[in-house]
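K.L.:
After the sequence you'll find the predicted model.
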Amino acid sequence: MDRVTPPPARSGQLRSEAVSRIRLLQLGSVALLLGSWEAVARLGWVDPLFVPAPSAVASAFFRVGALAMAGLGDTLAKTAVAYVISVVLGVGGGLVLGSIRPVRQAVNPFVIALYGMPKILVLPWIVLLLGFGTLPAVVYGAIHGVFPILVLVTGAVRDVDHTLLMVGRAFGARRRQLYWKVVLPAIVPTVLTGMRLGIVFCLLGVLIVEMFAGVRGMGHVLGSLANGFQAPELFAATALVSTASIVIVLSLDALNDRLSHWRGDTR
Amino acid sequence: MSVALIRVVIVAVALGAWEVFGRLGNPLLYVPPSAALPALGRLLTLQSYPELGEHLLLTLREIAVAYALAIAAGIGVGAALGLNRVVGRTYGPILAALYAVPAVVWYPSLMLFFGLDAASKIAFGFLLGFFPIALAVLAGIRQVNAQLVIVARAFGASGITVFRKVMLPAMLFTLVGGLRTGLALTVIGVIVGEVLGAKAGMGSLINHAYGLFRTADYVALVVVTLLLIVASDAVAGVVEQRARRWTE
């Protein structure tokens, strides 16, 4: 809460000390949580059928690891395809909607409405239409991923500084040059934000389809482990896919940071 | 042509195209509006699903319980993280990292633990609603000007007064936005839970109609559920507007 900044000469050292203390606290809390969970499970206060001890989950990981890794690979491959489709359609559509005002005014309310509509309602229809397997997962993942990117990019293109465009035109830039030299650099941060949001949405969509009507993939693995009451294996697989998605998002964040440094942003 | 007219034309063209393609296509897969409306009528007059009211009420009850829990936990956790610096810096990043996981991966575990009844849907709706509320409370507290708090304290205001007169007005806008997002996600969570596996509730009816290829009934159920969702968001929107006016 206090805004007093330490003297610059020592701030780096202080900050690194503070950071390592925070890391220690985080690790300690997680260890404490796992430890008390283990104790509670060993003491028999919870039914191991539903809440297995961390040690049981860890050993289950070796049993379910191969199956879960295969499922995760399958899911990530579908997610990657859905993600590429989402980014291409989202950025392309956003450029069109953002730069052509009449189209934006006519279409944008529908885009916003579709973005807000819970996609779960169309899931059964998509499965009816496209059957079981890879295609519905990719389509449904893309439906989840495209809207946040589309909405963000539309806004960013609309809000590109008009002075820059005017100056560019005054200096004789052609339409294509304006897009390459002014509009695209200006929307890069927003595109990256949209891409970070979009990946989680794509993964979510793919996983839901796999749980609902999957024959392969992580969602299907999780669903069948739950149906088989294999709690330790289920927890291990859940931990695996959670870690994977955290790693993906954090590395996109890191990339984002790098790029904004490179662009010279002071944020 | 005015913008409104163009939008009407777009809707009309979409409905027309849906009608034409729906008639041409397989009736198990495509339901034209001319078939969806009678199905909606049958649904609302309780012919296709006589127990519609009970399912609707159950879904609403699940949403209400899950949302109440999400508000309580979200405000509690957000305040704990926002008011104490060490707690915030320690657990804030963990919360943010967990938020990056597509929540549906927790659902099988919740279903295993809480069973197929309402409890697992409440738990999942709670989980989805909790994160935006907690993060909004955290962000809201962080955007309160620390100097205002110090000055209020210096003039002898008690902790409760500082919260009511200084912090709440400053963070209300963010808080209410988070509460609205939280409601939307709670509603989605409950319905996703019901579709993925339930014995009762709107989601289970949707799943039932889909499983029996009663596609027209499915479309009608989707329309009713969508109305429920839009209505809940409209209520939240009105509350948000009120709060905004109060802040200004």
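P.N.:
Good, I have the coordinates.
K.L.:
list the contacts for residue 182?
P.N.:
No chain in the question, so chain A it is. Residues near residue A:182 by Cβ atoms under 8 Å, 6 or more residues apart in numbering or on different chains: A:160, A:164-165, A:168, A:173. Any C-beta I mention is one placed from the backbone N, CA and C, and that applies to glycine too.
K.L.:
sorry, should have said chain B
P.N.:
Here residue B:182 is in contact with B:67, B:70-71, B:74, B:129-130, B:132-133, B:136 (Cβ under 8 Å, 6+ apart).
K.L.:
Which single one of the residues you listed is nearest to residue B:30?
P.N.:
residue B:129 (34.7 Å; Cβ to Cβ).
K.L.:
Report pLDDT for the closest residue to residue A:217 other than its chain neighbours.
P.N.:
Residue nearest to residue A:217 in three dimensions, not counting chain neighbours: residue A:210, with 4.0 Å by Cβ to Cβ, 6 or more residues apart in numbering or on different chains. Confidence at residue A:210, expressed as pLDDT, is 90.
K.L.:
Hmm, residue A:224 and residue A:210 touching each other?
P.N.:
No: counting by Cβ atoms under 8 Å, residue A:210 does not reach residue A:224; the two are 10.4 Å apart.
K.L.:
Near chain B, which residues of the stretch 51-200 of chain A are found?
P.N.:
Within the stretch 51-200 of chain A, the positions adjacent to chain B are A:51, A:102, A:105-107, A:109-110, A:116-118, A:120-125, A:127-129, A:200 by Cβ under 8 Å from any Cβ of the partner chain.
K.L.:
In helices only, show me the contacts of residue A:182.
P.N.:
Judged by DSSP state H, the subset of the contacts of residue A:182 located in helices is A:164-165, A:168.
K.L.:
Which of these are buried? Put it as a PyMOL command.
P.N.:
This is how PyMOL selects the buried members of these, with burial counted by 16 or more other Cβ atoms under 10 Å in any protein chain shown:
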select buried, chain A and resi 165+168
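K.L.:
which among the ones in helices among the contacts of residue A:182 gets closest to chain B?
P.N.:
The closest of the ones in helices among the contacts of residue A:182 to chain B turns out to be residue A:165 (Cβ to the nearest Cβ; 23.1 Å).
K.L.:
Residue A:203: which element?
P.N.:
If you go by DSSP states H and E, residue A:203 is part of helix A:184-213.
K.L.:
Tell me the first helix or strand C-terminal of that helix.
P.N.:
In N-to-C order, the element after helix A:184-213 by DSSP H and E is helix A:217-227.
K.L.:
where does the residue nearest the centre of chain B fall, phi/psi-wise?
P.N.:
In chain B, the residue lying closest to the centroid (Cα atoms, centre = their mean) is residue B:184, at 1.8 Å. Phi and psi for residue B:184, reported as degrees, to the nearest 10, are phi -60, psi -40.
K.L.:
Leaving out chain neighbours, which residue sits closest to it?
P.N.:
Here the residue nearest residue B:184, using Cβ to Cβ, 6+ apart, is residue B:233, at 6.0 Å.
K.L.:
Give the buried residues for stretch B:115-124.
P.N.:
B:118, B:120-124.
K.L.:
Determine which two of the residues you listed are furthest apart.
P.N.:
For these, and using Cβ to Cβ, no pair is farther apart than B:118 and B:124, which are 10.8 Å apart.
K.L.:
Looking at residue A:210 and residue A:224, which is more packed in?
P.N.:
residue A:210 (30 against 17; other Cβ atoms under 10 Å in any protein chain shown).
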